[in-house]
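>>> What would the 3D arrangement of this be:
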Amino acid sequence: MDRPAVDTVDSLYDCDVLDRHGCPIGPVSELWLADGRPQWAAVRGADGTTLVPIRGAQVREHRLVVPVDRREVDDAPRVDGPELSPEEQAELYDHYGLTVPHQRLVRHRRDVSEPTTPRPRRATRPAR
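Predicted coordinates:
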């Protein structure tokens, strides 16, 4: 299978991450790739940045629906540095019950040379 095109990978930055039940997790702030394929989405929260596995995720109307529960994401190890050590990577894969691949995770930088179209914001309902 061919590697995804850069613009396809970059389009994931326009997505909000939802868990498998549709609960919001947060917007994609960064992507991490292994062998040129997106494997993880970084989501920033009050407690720091968390990586969420996106293998098997589905993109629907600027939403990235991931195959994990929000509770798993809330309990996941936080990442702060520009790179993951082998120990941090193993801890992350172990937390989500995934097999550590032979490829090293690499932080992806979004190509900002092309102007992006801002995504439409959903209207929010007032609290009742």
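
>>> Three-state assignment for Gln89, please.
helix (DSSP: H, G, I helix; E, B strand; the rest coil).

>>> Pull the number of nearby residues for it.
Around Gln89 there are 20 other residues, counting by other CB atoms under 10 Å. Backbone N, C-alpha and C define where each C-beta goes, glycine included.

>>> Which strand residues bridge the residue nearest in space to the middle of the chain?
Note on the chain: the residue nearest the mean C-alpha position is Ala41, at 1.3 Å, using CA atoms, centre = their mean. Counting by DSSP bridges, Ala41 forms beta bridges with Leu31, Val52.

>>> Compute the distance between it and Leu92, please.
Taking CB to CB, to the nearest Å as the measure, Ala41 falls 13 Å from Leu92.

>>> What about Leu98, how many residues nearby?
Using other CB under 10 Å, Leu98 has 13 neighbouring residues.

>>> Surely it forms part of a helix?
No: checked against three-state DSSP, Leu98 lies outside a helix; its state is coil.

>>> So for it, what pLDDT did the model give?
Looking at Leu98, its pLDDT is 92.
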